[in-house]
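> what follows is a predicted structure for the sequence shown.
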Amino acid sequence: MKLKKTIFNSLLFLQSALVVTGGAVRLTGSGLGCPTWPTCTGSSITPIAHQAQGTLHSWIEFGNRLLTIALVIAAVVALVATVKWSSTRADRRRVRWIAIWQVLGIFGQAILGGITVLTKLNPIPVSGHFLLSIVLIAGGQSLRHRMLDRPRVATLPITKKLVLTVGTLVTGSGPHAGDIQAKRYPFSPREISYLHADLVIALICLAIGLLLVIRVGEAGDSQLRLTRALEIFLITSLSQGFIGYIQYFTGLPEGLVALHLLGATMVWIAAWNIYLTAQPTKN
């Protein structure tokens, strides 16, 4: 069981870490630190001395690429483990397909990352790069819950997806596009930020409403698990909203933007955890 936890926790951790390091690339203006793909520059896979983009920017971008390689290894290991440990499960085809899509999705991430570089950080593939990571995080979390025989149920993630999508438009319209020459979305940063904030408020209201409905229902283990998951989601979301408001009114300092990106990943994990909570998974 300990080995299972290590394998599937590592996959989920690296999926989340890729989002955070990708944010670091953008916030430090290192999006074109490696100006070519699949090489870093010219014929060199790694950064070279005295690159025009600067040594620090080059290694920050290259470090993000190295993390993708680690993620591929983790996904392959998870796939092998899933095949090995799912032979007697009733849902073995489902969990194996989830594991296969993890591997394929990460290769898709690498290709999308290449498109992002080759289009000089066009905001559309940049947003797609982040949203694909969010989908893969959900898949990694689902695989972890199923293989560790955790519970599941369906509720808030669709609304959360909308919040995250609009959040990418906010970032793609603002100052942190990853490089000074990168294009931006043709939206007013102020108006798209307001839309994002409104969606967050709606999401939190839905979560509170669901929590109240569950609390008045019949008590039981599934109710307690779902209540706990919703409470974690609300605490995470409120903290994320607080950070969002501070960063907006303080001019989007890099440190707070990075913290907000980490918060977005944690809120998504908390939201997907609600989906995976309350109804036992059948083996």
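Okay, I see it. Remember, predicted model here, so these are calculated numbers, not experimental data.
> buried residues in the longest helix belonging to the chain?
Determined from DSSP state H, the single longest helix within the chain is helix 55-85. Neighbour-count burial for helix 55-85 flags 57-62, 64-65, 67-68, 71-72, 74-75, 77-79, 81-82 (criterion: 16 or more other CB atoms under 10 Å). For every residue, glycine as well, the C-beta is placed using N, CA and C.
> now do that helix: which elements does it pack against?
helix 2-27, helix 92-118, helix 123-147 (3 or more CB pairs under 8 Å, 6 or more residues apart in numbering; DSSP states H and E).
> so it versus helix 2-27, what angle?
Going by axes from the mean of the first three to the mean of the last three CA atoms, to 10 degrees, helix 55-85 is angled at 150 degrees with respect to helix 2-27.
> distance of residue 31 relative to residue 190?
Distance from residue 31 to residue 190, counting by CB to CB, to the nearest Å: 24 Å.
> what about the two, which has more around it?
Using other CB atoms under 10 Å, the more surrounded residue of residue 31 and residue 190 is residue 31, with 28 against 11.
> for the more buried one, helix, strand, or coil?
Here residue 31 is recorded as coil under DSSP: H, G, I helix; E, B strand; the rest coil.
> please apply the same query to the one 5 residues further on.
Secondary structure of residue 36, reduced to three states by three-state DSSP: coil.
> contacts only, for it.
Applying CB atoms under 8 Å, 6 or more residues apart in numbering to residue 36 gives the contacts 42, 117, 118.
> next, it: phi, psi?
Per-residue torsions, residue 36: phi -130, psi 170 (degrees, to the nearest 10).
> if we can go back for a sec, do me a favour and average the pLDDT over the longest helix of the chain.
Across helix 55-85, pLDDT averages out at 92.
> for stretch 269-283, same thing?
Averaged over stretch 269-283, pLDDT sits at 69.
> and what of stretch 10-21?
91.
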